[in-house]
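Visitor: Here's a sequence, model it:
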Amino acid sequence: MKNLSLLFLGISLLTTTCLRAAESYLVMEAHSGRVLLAADSETKRPVASLTKVATAKIMLDWAKASQTSLATLAVVPNNVLAVGGANPMGLRPGDRISLRDAAYSALLGSDNVAALTLADHVGRALLVHRQQQGDPQVTFLAEMNQLAKALGMERTRFANPHGLEMPGQKAYSTAADMARLCVYAMRDEGFAFYVKQKSRQIAVSTADGRQLSYKVGNTNELLGQQGVTGIKTGLTTAAGQCLATNAHRSPVVTKIDDTRSIIRKRDLVIVVLGSADRFGRTRQLIAQGWAGYDQWAAQGYPQSEKKREFIVVPKLR
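Guide: Modelled structure (predicted):
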């Protein structure tokens, strides 16, 4: 019986170890780039709806560059019927939704149809601007992968704007690469405002002329806890539970003399991939991350030439 108990204990420990090994995470301070915690953070894996961070940010960047109003209506494309997963408003081909509301629904409600609608609209506009023919969604996808390249996301490949695993498509990223993307996105005050909202009332004009309104809630259960201000959840069978989070602390102001001060902003970016409990794990990592940050601060914020200790996210556009 004793040997049997030991056998079961061994199996239990092995199972726990395997579950932990399957999880990837990275915790960094966004403004300094200091990596505070990491595990398998360079392992390639699917990231589910964290993909929509790139989708929404590209739309916002394009709208700013082209001076396009976010009130502009986008038409839901025909191929959304082939997309499964979240469609909280029941959008159908021919329905119209503003770019702003589509971004809200994609980011808060993880709306796959809204994400595809954004990609289709922006892709069409890019083709017109370039005086080119082509598939608008393929054009948008190229922008997603170009953004990843520009941010140094060397182990990332996007295959669609929503993050679902689709036949014939191979998409992947890493916890470290997604942290780069999240830091870049959260620098945008507009994007940061979107993901901070707990819910949003969305207006839809249906293809048959009806005006409908839906309330889309934020799927991030941690919002408002431990200083959490966003940003995105993700969940598929292949990716498991995924969560990217921003946790904020008030800046530290250090007075140099009577006229000068140093202001040090403080935000943690936490990315958890393939977790069995993304919210519980992130709660732990926020506490551990700030403890590590406080220790680094107490040492005088020493810098390091070791690549893995800092992540530099370039400023684009």
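
Visitor: can you give me the helices for the chain?
Guide: Taking DSSP state H, the helices of the chain run over residues 2-21, 51-66, 99-108, 112-130, 136-150, 175-186, 189-196, 278-298.

Visitor: Contacts only, for the residue nearest to Ala74 when sequence neighbours are not counted.
Guide: Nearest non-adjacent residue to Ala74, counting by Cβ to Cβ, 6 or more residues apart in numbering: His121, 3.8 Å away. (Each C-beta comes from the backbone N, C-alpha and C, glycine too.) Contacts for His121 (Cβ atoms under 8 Å, 6 or more residues apart in numbering) come out as Thr72, Ala74, Val75, Leu99, Pro136.

Visitor: Need these in a markdown table (columns: neighbour count).
Guide: A markdown table is the format used below for these (neighbours: other Cβ atoms under 10 Å):
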| residue | neighbour count |
| --- | --- |
| Thr72 | 13 |
| Ala74 | 22 |
| Val75 | 16 |
| Leu99 | 24 |
| Pro136 | 18 |
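
Visitor: Just name the closest of those to Thr282, please.
Guide: The closest of these to Thr282 turns out to be Leu99 (Cβ to Cβ; 29.6 Å).

Visitor: distance of that closest one from His121?
Guide: Applying Cβ to Cβ, to the nearest Å, the value for Leu99 to His121 is 7 Å.

Visitor: overlap in contacts of the two?
Guide: Between them, Leu99 and His121 share the contacting residues Thr72, Ala74, judged by Cβ under 8 Å, 6+ apart.

Visitor: follow-up on the earlier one: and which of the contacts of His121 is nearest Asp61?
Guide: Nearest member of the contacts of His121 to Asp61, counting by Cβ to Cβ, is Leu99, at 12.2 Å.

Visitor: if we can go back for a sec, among the helices of the chain, which comes closest to Ser41?
Guide: Comparing the helices of the chain by Cβ to Cβ, helix 175-186 comes nearest, at 4.2 Å.

Visitor: Now do the closest one: which elements does it pack against?
Guide: strand 24-29, helix 51-66, helix 136-150, helix 189-196, strand 228-236, strand 240-255, strand 261-275 (3 or more Cβ pairs under 8 Å, 6 or more residues apart in numbering; DSSP states H and E).

Visitor: quick one, what contacts Lys57?
Guide: Here Lys57 is in contact with Leu147, Leu181, Tyr184, Ala185, Asp188, Phe191 (Cβ under 8 Å, 6+ apart).

Visitor: Now, of those residues, which are buried?
Guide: Leu147, Leu181, Tyr184, Ala185, Asp188, Phe191 (16 or more other Cβ atoms under 10 Å).

Visitor: could those be laid out in CSV, adding pLDDT?
Guide: Listed next are these as CSV, based on pLDDT from 0 to 100:
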residue, pLDDT
Leu147, 98
Leu181, 99
Tyr184, 98
Ala185, 98
Asp188, 98
Phe191, 98
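
Visitor: wait, isn't Ala39 in contact with Ala22?
Guide: No: Ala39 lies out of contact with Ala22 (Cβ atoms under 8 Å); the separation is 10.6 Å.

Visitor: overlap in contacts of these two?
Guide: With Cβ under 8 Å, 6+ apart, Ala39 and Ala22 have no common neighbours.

Visitor: per-residue pLDDT, the residue nearest to Ala74?
Guide: On pLDDT, His121 comes in at 98.

Visitor: With the one 4 residues further on instead?
Guide: At Ala125 the predicted local confidence, pLDDT, stands at 98.

Visitor: same check, this time on the one 5 residues further on
Guide: The predicted local confidence for Arg130 comes out at a pLDDT of 96.

Visitor: Could you report the neighbour count for it?
Guide: 10 (other Cβ atoms under 10 Å).

Visitor: ok, and the closest non-adjacent residue to Ile231?
Guide: Val195 (4.4 Å).

Visitor: residues touching His31, list them.
Guide: Arg264, Lys265, Arg266, Asp267.

Visitor: And the closest residue to Tyr104 other than its chain neighbours, how far from Ala86?
Guide: Leaving aside its sequence neighbours, Tyr104 sits nearest to Arg200 (Cβ to Cβ, 6+ apart; 4.2 Å). Arg200 sits 15 Å away from Ala86, going by Cβ to Cβ.
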